[in-house]
Structures are given as C-alpha cells and as structure tokens.
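Enquirer: Could you look at this predicted model? Sequence included:
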Amino acid sequence: AQSVTQLGSHVSVSEGALVLLRCNYSSSVPPYLFWYVQYPNQGLQLLLKYTSAATLVKGINGFEAEFKKSETSFHLTKPSAHMSDAAEYFCAVSDGNSGNTPLVFGKGTRLSVIA
Amino acid sequence: EPEVTQTPSHQVTQMGQEVILRCVPISNHLYFYWYRQILGQKVEFLVSFYNNEISEKSEIFDDQFSVERPDGSNFTLKIRSTKLEDSAMYFCASTKLGGEQYFGPGTRLTVT
C-alpha cells in the first residue's frame, strides 16, 4: 500500500523567504509523485509531477521538488515566497507501474505568507 | 485550455435524500475519478472508471454510491440515501492514459 506523510500541517514564512514543504512517501513499487495546490474555495491544481525521469522537477509559479529515493522524500521548495502562494498544498503518490491508478494524498500543509 | 467542470457548485440536501453530482471530464480523456474531501481532512479516493465500468473503488464507496457515464460527456456520482457524514467536497478528475489527473472545481455537498 502507498502512503504519504506531510510534516507540518501549517507552515508560515515571510514574503521573500524560502518555502520548504516536506513530503515523505511509502511505496512498494516505483512511484509517481505529485504536488497539488488548493486555493480557498477552489479545486486542486497540479504544481508539478515526478514520473521517473529527472529527479529535480520544476513546476509552475517558481516551485520545484526533488525526488530522493534514499530518503523516500519529495519536498517542495520555492526560493522566494510571494503573498499569492498562500494556499493548501497536497503531496500525492500513485503507482508508477500501473498507469492510471488512484492518487493517495497526504493531509496537506497550509502555507501562510506574512508581509 | 480544456478543463473539468462540475455541477452544481453547492448542493444542500436532507438526510436520506438521493443526490446526483455531475461532472464533464476533458473530452479526450479516458479515465475518470471521484474523490472527496471532508472539511479539514485530506482528499480521499472514492472510485475510478474506465471503459464504461468501475476499475477500482475504495472502502468508502459502498452500496450507497454509484457512478455512471450516461452519455459521451457526463460522468455522475449518485448517493442513494445521504447521511450527515457524506457532507464533503466532491472532486471529479480525468486523465489520458499515463497522464496526470486534472481536477474539477468540486461540488460542496451539505447534508442536513
């Protein structure tokens, strides 16, 4: 079975500071990994995905994530936070071997950006 | 850019009533999903649908739930007899073979 652990239900950073949202996964097969963002009262928007190609993945809005198999991690970073980054961020995993298997989500991390 | 749409955006119903949540997936997508998110909790998988049949379902998806693709565009989730604990945001998603899942904006279901 696959699972995702997101450390920290709430992260608060100052505008311009580094954003680091942590995600660790558990999977018995090579995983596909995703980060989604959810703005208030909106649906889930894909930020970036890892599908066994490059381990450093660049996404939208300046975010990137690095797949580290030895650490079973897929942390999300952004060098400089912007007020508009305030949202809920979800890490998710699926079975990379089986194509279109369902996503298993973490509990989410709420990012607050302080002016 | 094509997107997944869902109607209604908010549905209020009384306990025991039937509800149908509607989704229009992206037109060339082949796999369809329903997820739900109870307020303050994580997004949970309910069911996936491919080639006009359920391909996978979770423990949550019991006999009270059903899905259907009644025509070439809509994908529906029916809850036969709603319970208070069915109150949640329900997300539809679709994908091509091997692609990422695109999510709709969700339907907020409130059961009173």
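Expert: Noted; the coordinates are in hand.

Enquirer: How much space separates residue B:107 from residue B:35?
Expert: 11 Å (Cβ to Cβ, to the nearest Å). (Each C-beta comes from the backbone N, C-alpha and C, glycine too.)

Enquirer: With neighbour numbers in mind, choose between those two.
Expert: Taking other Cβ atoms under 10 Å in any protein chain shown, residue B:107 and residue B:35 do not tie; residue B:35 has more neighbours (27 against 22).

Enquirer: mind checking which helix or strand the more buried one is in?
Expert: Counting by DSSP states H and E, the element that carries residue B:35 is strand B:31-37.

Enquirer: quick one: buried residues of the helix or strand that that strand is followed by?
Expert: The element immediately downstream of strand B:31-37 (helix or strand, assigned by DSSP H and E) is strand B:43-50. For strand B:43-50, the neighbour count (16 or more other Cβ atoms under 10 Å in any protein chain shown) marks B:43-50 as buried.

Enquirer: one step back: the strand holding residue B:35 - contacts with which helices or strands?
Expert: For strand B:31-37, the packing partners by 3 or more Cβ pairs under 8 Å, 6 or more residues apart in numbering or on different chains; DSSP states H and E come out as strand B:19-24, strand B:43-50, strand B:88-95.

Enquirer: Wondering if the first one reaches chain A at all.
Expert: So the one you mean is strand B:19-24. No - Strand B:19-24 lies apart from chain A when judged by Cβ under 8 Å from any Cβ of the partner chain; the minimum separation is 11.3 Å.

Enquirer: so what's the residue positioned nearest the centre of chain B bridging to?
Expert: Against the mean C-alpha coordinate of chain B, by Cα atoms, centre = their mean, the closest residue is residue B:34 at 3.5 Å. Per DSSP bridges, the residues bridged to residue B:34 are residue B:47, residue B:92.

Enquirer: Who are the contact partners of it?
Expert: Going by Cβ atoms under 8 Å, 6 or more residues apart in numbering or on different chains, residue B:34 touches B:21, B:23, B:46-47, B:67, B:77, B:90-93.

Enquirer: And the strands in chain A, which stretches?
Expert: Applying DSSP state E to chain A gives strands spanning A:3-5, A:10-14, A:19-21, A:24-26, A:31-38, A:44-50, A:56-58, A:64-68, A:73-78, A:87-95, A:104-105, A:109-114.

Enquirer: re the thing from before, nearest to residue A:108 among the contacts of residue B:34?
Expert: When these are compared for distance to residue A:108 (Cβ to Cβ), residue B:91 comes out closest, at 13.5 Å.

Enquirer: these two touch, right, the closest one and residue B:106?
Expert: Yes - using Cβ atoms under 8 Å, residue B:91 is in contact with residue B:106, at 4.9 Å.

Enquirer: do you know how far the residue nearest to the centre of chain B is from residue B:60?
Expert: Counting by Cβ to Cβ, the gap from residue B:34 to residue B:60 is 10 Å.

Enquirer: what's the overlap in contacts for those two?
Expert: residue B:46.

Enquirer: Low-confidence ranges, the chain, go.
Expert: With no chain named, the answer covers chain A. A:96-99 (pLDDT under 70).

Enquirer: Can you name the residues of it sitting close to chain B?
Expert: A:34, A:36, A:42-46, A:49, A:90, A:92, A:99-108.

Enquirer: hang on, the earlier thing: now the strand holding residue B:35: how far from the chain's centre is it?
Expert: For strand B:31-37, the separation from the chain centroid amounts to 5 Å (computed by Cα atoms, centre = their mean, to the nearest Å).
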